[in-house]
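>>> below is the structure, and that's it, no one-letter string:
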DNA sequence: CACTGGATAGAGCGTTCGTTCTAGTGCTGT
DNA sequence: ACAGCACTAGAACGAACGCTCTATCCAGTG
């Protein structure tokens, strides 16, 4: 993942564009041809790098989105020592990012996850993995702050769920407020576990 | 909305089926022909009742889902006096319903809402209205329980967001646990506002 | 009984979908 | 120089999409 050293490879461009398109339009709503066009690649290139077709591209895109969001999460949580303040500032950061994208770039996997619920596909598994991993990031922070194992697990699940839901609400309402409110309330909740 | 008296009209069947299909597969993922087939209607009937085409059907379906979920919410909240217990039992009820549907029937509008984010469509407005109305139901309960106006509004927003997110998480993970956890944590949060 | 208008029925339109296929390009190692 | 390979390029296929169209059915009315 060379960020600045080399220009992104064709494969990278495809994955990144697919991730953004799926994030915004969902899996069914995003066409292979649209991905190719947006990534400045041809259809042939897409099928060259992803012989498995659309679903293979989507799985790679989901995993990319998972890593990207995990970084954002880790980074935001590390900046504050107090977990309550950390979660609140994390929500604030999400709110700003959301507004700056015109309320379009929310959770990178929710849309795709909802579309592949009934299936036994690899996409479904990738989405479940993503959620679990994000919860792990929060759980780790809570454990480091003195939470018991059970509390940390349950609270981490709730934090991710709430951020997830608040992000959707903020997108639909085109307002930072739901995310800000969720941040404040989560902070309040976390503080009830102190000492 | 005659529930038992008369057999559902063709129009009703179309709306109900469209609502369930959109809930499960999203807007783009659901075809007009599939709606017609599932509702035991013909394509001609669908376009007869909804000359506006697919989007008109979807808007009706979203509004139907909004009402249905609002009923469920009101009913669950009314059964308990304490708002904390009420919200927790509400989450539990959602968890049971989710499992019984094979983790398919989650929030009736989330999938559609995420697909119509960028647009200025009537669907987008219908989805925003739905969220707002559900928040209103919770807010009313909180106000009746002695919350201040500001607290009630912010907490209601967070409750809906959290339930929304926890439902998605529960669906993706195919487990009641995320919803149960969210219920317990929301109850804990609400109790911090007592006296 | 003829007629009217709501409701039903489905063939078929143009378009776009995911995918496959063949052909061509540019770089690398020998 | 040339073979070999990774990659690019886009035409073409069958299927499915949303939608339009005409035809038919049937209860209610004069």
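Structure received. As the structure is a prediction and not an experimental result, all values here were calculated from the model.

>>> near DNA strand D, which residues of chain A?
Those residues of chain A that sit near DNA strand D, judged by Cβ under 7 Å from any atom of the strand, are A:10, A:41, A:42, A:43, A:44, A:45, A:47, A:48, A:49. Any C-beta I mention is one placed from the backbone N, CA and C, and that applies to glycine too.

>>> tell me which residues are up against stretch A:180-194.
With contact meaning Cβ atoms under 8 Å, 6 or more residues apart in numbering or on different chains, stretch A:180-194 is reached by A:83-85, A:87-92, A:95, A:142, A:147, A:151, A:155, A:158-159, A:162-163, A:165-166, B:154-155, B:157-158, B:161-162, B:185, B:188-189, B:192.

>>> quick check: chain neighbours aside, which residue is closest to residue A:186?
Residue nearest to residue A:186 in three dimensions, not counting chain neighbours: residue A:87, with 4.9 Å by Cβ to Cβ, 6 or more residues apart in numbering or on different chains.

>>> wouldn't the one you found be in contact with residue A:159 here?
Yes: Residue A:87 is within contact range of residue A:159, at 6.0 Å (criterion: Cβ atoms under 8 Å).

>>> now do the shared contacts for the two.
With Cβ under 8 Å, 6+ apart, residue A:87 and residue A:159 have common neighbours A:138, A:186.

>>> before we move on, the earlier item: residue A:9 versus the residue nearest to residue A:186, what's the distance?
When distance is defined by Cβ to Cβ, to the nearest Å, residue A:87 is 36 Å away from residue A:9.

>>> of the two, which one has the most company?
Legend: neighbour count by other Cβ atoms under 10 Å in any protein chain shown for residue A:87 and residue A:9, higher for residue A:87 (28 against 11).

>>> I'd like the next helix or strand past the helix or strand harbouring the residue nearest to residue A:186.
Element membership for residue A:87 (DSSP states H and E) is helix A:83-100. The C-terminal neighbour of helix A:83-100 among helices and strands, as given by DSSP H and E, is helix A:110-115.

>>> contacts for that following helix next, please.
Counting by Cβ under 8 Å, 6+ apart, A:22-28, A:58, A:62, A:123-124, A:127, A:131, A:164, A:167-168, B:25-26, B:29, B:106, B:110-111, B:114-115, B:168, B:171-172 sit against helix A:110-115.

>>> now swap in stretch A:163-171 and tell me
Under the contact criterion Cβ under 8 Å, 6+ apart, stretch A:163-171 has outside partners A:90-91, A:94-95, A:98, A:103-104, A:106-107, A:110, A:176-179, A:181-183, A:186, B:110, B:113-114, B:117, B:131, B:157-158, B:160-166, B:168-169.

>>> quick check: the residue of chain A nearest chain B.
Nearest to chain B, among the residues of chain A, is residue A:165, at 2.7 Å (Cβ to the nearest Cβ).

>>> what about the closest residue in space to that residue that isn't next to it in sequence, how many residues nearby?
Closest residue in space to residue A:165, ignoring its immediate chain neighbours: residue B:165 at 2.7 Å, by Cβ to Cβ, 6+ apart. Using other Cβ under 10 Å, the number of residues around residue B:165 comes to 30.

>>> what's the first helix or strand after the helix or strand containing residue B:165?
Following DSSP H and E, one finds residue B:165 within helix B:149-173. On the C-terminal side of helix B:149-173, the closest following helix or strand by DSSP H and E is helix B:177-191.
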